[in-house]
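Colleague: I would like to see how this sequence folds:
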Amino acid sequence: MMRLDNAKTMIVNNQNTLKNIISSKQNVDYAKAATELSQQQTAFEAALSATAKISRLSLLDYI
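Modeller: Numbering: from 1, shown residues only. Sure thing, here's the model as predicted:
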């Protein structure tokens with residue numbers, strides 16, 4: 001009987017966790033998400049640009 005109770009408790013906990021995950025994905029602040037996406041894209045592009053500039057340098061550029 002104890003195993004069944006433990007299994008039932010685990011199932012209830014899993015259901016609650018899944019409900020929380022679903023509600024957090026459905027209740028999105030679209031303006032905030034768009035702003036964060038834009039910031040991440042800008043940071044990514046800056047990192048790509050810096051990498052491209054660094055990779056073009058040769059040993060002669062340091063002398």
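
Colleague: least trustworthy helix or strand in the chain by mean pLDDT?
Modeller: helix 59-62 (a mean of 64; mean pLDDT, DSSP states H and E).

Colleague: Run through the helices of the chain in chain order.
Modeller: 2-26, 30-56, 59-62 (DSSP state H).

Colleague: how far does the first one sit from the chain's center?
Modeller: When you say that, I think you mean helix 2-26. 23 Å (CA atoms, centre = their mean, to the nearest Å).

Colleague: Quick one: mean pLDDT over that helix.
Modeller: Regarding helix 2-26, the rounded mean pLDDT is 88.

Colleague: what's the answer for the longest one, then?
Modeller: Along helix 30-56, the predicted local confidence has a mean pLDDT of 89.

Colleague: which parts of that helix are buried?
Modeller: Neighbour-count burial for helix 30-56, counted by 16 or more other CB atoms under 10 Å, picks out no residue. Just so you know, the C-beta spots here come from the backbone N, C-alpha and C atoms, and that holds for glycine as well.

Colleague: what's near enough to touch K8?
Modeller: By CB atoms under 8 Å, 6 or more residues apart in numbering, no residues touch K8.

Colleague: For M2, see how far away it is.
Modeller: Remark: distance between K8 and M2 (CB to CB, to the nearest Å) = 11 Å.

Colleague: likewise Q40?
Modeller: Here Q40 is placed at a distance of 48 Å from M2 (CB to CB).

Colleague: can you check F44 too?
Modeller: Distance from F44 to M2, by CB to CB: 52 Å.

Colleague: Likewise for I21?
Modeller: Counting by CB to CB - I21 and M2 are separated by 29 Å.

Colleague: The two: which is more packed in?
Modeller: Counted by other CB atoms under 10 Å, I21 and M2 do not tie: I21 has more neighbours, with 10 against 6.

Colleague: which residues does the more buried one contact?
Modeller: Applying CB under 8 Å, 6+ apart, no residues contact I21.

Colleague: what's the answer for S55, then?
Modeller: Counted by CB under 8 Å, 6+ apart, S55 has zero contacts.
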